[in-house]
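Participant: model this:
(chains A and B)
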Amino acid sequence: ETGVTQSPTHLIKTRGQQVTLRCSSQSGHNTVSWYQQALGQGPQFIFQYYREEENGRGNFPPRFSGLQFPNYSSELNVNALELDDSALYLCASSSSMMETQYFGPGTRLLVL
Amino acid sequence: AQKVTQAQTEISVVEKEDVTLDCVYETRDTTYYLFWYKQPPSGELVFLIRRNSFDEQNEISGRYSWNFQKSTSSFNFTITASQVVDSAVYFCALSEAQSNTGKLIFGQGTTLQVKP
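Facilitator: Sure, this is the predicted structure:
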C-alpha cells in the first residue's frame, strides 16, 4: 500500500511569487487535508478537500487555494508569497472526512 | 473555543526511564476525537493513536500507553523504558464532530530527547 507522497521536498521562492505544492493521497483515500507548520509550532489547518470539493477552511487568506483531482490527488497554491509563508507544508489523506489522517513527508518552503 | 495545551515544551530523559507527556484539551462538542502523532526530525507526522470521546478505556500498545480522563480533559501519553529512537516531537490533537471536516487542532508539541 502506497503512503502519502508530496512534491517537491524543498522549495525556495522570493516574495511576491506563486507556488504550487502537490500531494498524492494514500490508496483508497478520498479526502485530503493541508496544514502549515511554522518552525517550533504545531501544524495549522489550511483546508480540506473531499471528493473534489473544498470541505472546510482554516484561518488562511484567499491567496491560499487548492484543488483535488478525480484520482484524489491534490494541489495547494499560494499566490503573492510573503516571508511568513516560510514553513513546512503537510498534506494528510483519510478514507473520509472524519477518519484518521495520515501525513506525507511535507514540503519545506522558504520565502526570501 | 477548542484548544489543546501541551505544557511541557521539552523533556530530557535517560534511556530506559519512563516518561509521560501531558495533554489537556478544551472543547464544547460532546463528540470529539483525540490523537497523538510523533514527528521525527525528518518532518513526517506519524499517527500513534485515536480515541473517541465515548471511550475512556486506557490503551496499551507495546511500550506506549495512553490515559484518557474526561473529568480532567486530559489525554496523557506514557512511554515505558524509553529508547533513543523515541526522540522526536510529539503532538496531541483534537478534532470535533461538529466541524464535519476532521480538522485537527494541534498542541504546541513536546520535544522528547532520550539520551543513551
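Participant: where does the chain have low pLDDT?
Facilitator: Since no chain was named, I'll use chain A. Residues of chain A meeting the criterion pLDDT under 70: A:1-2.
Participant: can you give me the strands in the chain?
Facilitator: Using chain A. Assigned strands in chain A, in chain order: A:5-7, A:10-13, A:19-24, A:31-37, A:44-50, A:53-57, A:64-68, A:74-78, A:87-94, A:102-103, A:107-111 (criterion: DSSP state E).
Participant: wait, chain B
Facilitator: Under the criterion DSSP E, strands of chain B are mapped to B:3-5, B:10-14, B:19-21, B:24-26, B:32-39, B:46-52, B:59-61, B:64-69, B:74-79, B:88-96, B:105-106, B:110-115.
Participant: would you list the strands of chain A in CSV and tack on distance to residue B:73 and mean neighbour count?
Facilitator: In short, each C-beta sits where N, CA and C put it, glycine included. Shown next, in CSV, are the strands of chain A (distance: least, Cβ to Cβ, whole Å; neighbours: other Cβ atoms under 10 Å in any protein chain shown):
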stretch, distance to residue B:73, mean neighbour count
strand A:5-7, 33, 16
strand A:10-13, 39, 13
strand A:19-24, 33, 20
strand A:31-37, 23, 25
strand A:44-50, 21, 23
strand A:53-57, 24, 15
strand A:64-68, 31, 19
strand A:74-78, 33, 21
strand A:87-94, 25, 24
strand A:102-103, 25, 22
strand A:107-111, 34, 18
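Participant: Show me the one of those that comes nearest residue B:80.
Facilitator: Checking those against residue B:80 by Cβ to Cβ gives strand A:102-103 as the closest, at 25.5 Å.
Participant: circling back to that earlier point, right, and the strands of chain B - which one's nearest chain A?
Facilitator: Closest to chain A of those is strand B:105-106 (Cβ to the nearest Cβ; 3.3 Å).
Participant: Would you mind listing what in chain A touches chain B?
Facilitator: A:31, A:33, A:35, A:41-45, A:48, A:55-56, A:58, A:88, A:90, A:92, A:94, A:97-106, A:108 (Cβ under 8 Å from any Cβ of the partner chain).
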